[in-house]
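Asks: just the structure for this:
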Amino acid sequence: MSARYGGTEALKGHGAMLLFSILVAGSFTLGALTANLIDPVAMQAMRFACAAVFVGLLGLVTGKIRLTDARAPWRWLLLGGVFGTYFVLMFEGLKTAAPVSASAVMTLMPVMTALFSWVLLRQVTTRRIALALLVGAVGALWVIFRGDPARLLAFEVGRGEAVYFLGCVAHALYVPLMRRLSRGENAVSSSFLVLTAGTVVLTLYGWRDLAATDFAGLPPLVWIALGYLSVGAMGMTFVSLNFASMRLPGAKVMAYTYLTPGWVIVWEVAFGHGLPDPRALAGLVLTALALALLFKHEEGRAPRRSGEVAQDAPQQ
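Replies: Numbers count the residues shown, from 1 in each chain. Reported below is the predicted structural model:
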């Protein structure tokens with residue numbers, strides 16, 4: 001494959017990441033609809049378990065899962081706990097945060113990931129990408145504060161957005177932490193181990209919440225959301241990321257994070273929730289500019305090794 005990342009394969013990679021951004025966006029709308037119907041820890045424990053089964057079956061079919069990868073299990077428990085923290089806080093935040101503003105918080109994740117990557121891996125980004133991340137962060141803040149400078153100056157952040165921001169910090173830490181703790185495991189095997197460990201951590205932590213959940217009395221919407229969030233927003237996005245990471249530079253993979261708020265608006269309109277505050281839409285223009293900067297063609301970048309997942313973009 002060409003180091004220039006061109007041609008049909010690159011177009012396939014962009015198509016995979018476009019699907020990724022659409023699926024991730026759906027998790028905000030469905031998450032907001034179900035966040036108050038079931039305890040967040042119980043929901044995420046079930047979600048991780050279902051996703052682990054999905055990826056495990058994928059691993060069995062492809063022969064990618066190796067028992068030797070489970071060595072030093074503390075790594076997977078740590079990664080699963082950090083990853084699970086993100087999703088629990090996401091659902092907790094969506095109890096009160098609007099899906100569009102919550103998805104805007106997610107676009108702050110690349111900036112935090114870059115900071116953690118420098119601390120843990122001493123990775124240094126280029127000036128252009130740093131500028132793109134800064135522009136995207138400004139656009140995200142504009143949406144979060146609903147386009148009101150007075151709210152920004154008073155730092156009036158909704159509780160839901162603040163809670164989800166803490167979750168995004170956990171996800172941003174997870175990205176370089178995965179690379180730091182990796183011992184050469186392939187993407188399918190490492191994902192299965194993280195999801196399995198996350199299931200264990202969430203089940204132990206939320207045992208009382210799980211025991212108190214009336215599963216028979218849960219509305220059908222919860223089960224529909226669980227299926228989508230487990231297979232679509234977690235399992236399928238993993239496949240999309242893995243596919244695209246072999247065909248696009250990491251910065252371009254990461255750029256698709258900035259499409260999420262726009263797709264969330266489409267999901268919200270489709271569910272009859274209407275458009276967000278027009279003042280907040282200006283922030284989405286800035287995230288689009290950040291996307292354009294990150295999409296600028298990069299010369300001379302070596303393609304990733306086969307099986308390596310682009311950890312620049314968040315999974316949902």
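
Asks: residues touching Val222, list them.
Replies: With contact set as CB atoms under 8 Å, 6 or more residues apart in numbering, Val222 has these partners: 34, 37-38, 43. (Each C-beta comes from the backbone N, C-alpha and C, glycine too.)

Asks: if we use 7 Å, what do you get?
Replies: If you count contacts by CB atoms under 7 Å, 6 or more residues apart in numbering, Val222 has them with 34, 37-38.

Asks: Gly80 now?
Replies: Going by CB under 7 Å, 6+ apart, the list of residues near Gly80 reads 194, 197-198, 200-201.

Asks: tell me which helix or strand Leu33 sits in.
Replies: helix 7-34 (DSSP states H and E).

Asks: that helix: how far from the chain's middle?
Replies: 10 Å (CA atoms, centre = their mean, to the nearest Å).

Asks: give me the buried positions along that helix.
Replies: Burial within helix 7-34, assessed by neighbour count using 16 or more other CB atoms under 10 Å, is assigned to 10, 13-14, 16-17, 19-34.

Asks: quick revisit: min pLDDT across the contacts of Gly80, which one?
Replies: Within the set of these, pLDDT is lowest for Val194 (90).

Asks: mind listing what that one touches?
Replies: Neighbours of Val194 in contact, by CB under 7 Å, 6+ apart: 76, 79-80, 83.

Asks: and the contacts of Gly80, which of them are in helices?
Replies: 194, 197-198, 200-201 (DSSP state H).

Asks: can you put the residues you listed in a markdown table and add distance to Thr96?
Replies: Converted to a markdown table, the ones in helices among the contacts of Gly80 look like this (distance: CB to CB, whole Å):
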| residue | distance to Thr96 |
| --- | --- |
| Val194 | 29 |
| Ala197 | 30 |
| Gly198 | 25 |
| Val200 | 29 |
| Val201 | 25 |
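
Asks: quick check, nearest of those residues to Val264?
Replies: Proximity of these to Val264 (CB to CB) peaks at Gly198, which lies at 24.4 Å.

Asks: any idea how far Met46 is from the closest one?
Replies: Distance, Gly198 to Met46, using CB to CB, to the nearest Å: 12 Å.

Asks: quick one: secondary structure of Gly147?
Replies: coil (DSSP: H, G, I helix; E, B strand; the rest coil).

Asks: which residue is the nearest non-sequential neighbour of it?
Replies: Arg279 (3.0 Å; CB to CB, 6 or more residues apart in numbering).

Asks: same question, Met43
Replies: Phe91 (6.1 Å).

Asks: pull out the buried positions in whichever strand or helix holds the one you found.
Replies: Assessed by DSSP H and E, Phe91 sits inside helix 73-93. The neighbour-count check on helix 73-93 (16+ other CB under 10 Å) flags 75-93 as buried.

Asks: run the chain-centre distance for it.
Replies: Distance, centroid of helix 73-93 to centroid of chain: 12 Å (CA atoms, centre = their mean).

Asks: let me see the mean pLDDT of that helix.
Replies: If you average the pLDDT values across helix 73-93, you get 94.

Asks: got the CA positions of the next helix or strand after it in CSV?
Replies: Moving toward the C-terminus from helix 73-93, the next helix or strand (DSSP H and E) is helix 99-106. Provided in CSV are the C-alpha atoms of helix 99-106 (Å, rounded to 0.1, in the frame of the first residue of the first chain):
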residue,chain,number,x,y,z
PRO,A,99,-26.9,15.5,23.1
VAL,A,100,-25.4,18.3,20.9
SER,A,101,-23.6,20.0,23.7
ALA,A,102,-22.4,16.7,25.1
SER,A,103,-21.0,15.7,21.7
ALA,A,104,-19.3,19.1,21.5
VAL,A,105,-17.5,18.2,24.8
MET,A,106,-16.2,15.0,23.0
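
Asks: kindly calculate the angle that helix 99-106 makes with helix 7-34.
Replies: 120 degrees (axes from the mean of the first three to the mean of the last three CA atoms, to 10 degrees).

Asks: chain neighbours aside, what residue packs nearest to Leu218?
Replies: Leu218 sits nearest to Ile38 (CB to CB, 6+ apart), 6.3 Å away.
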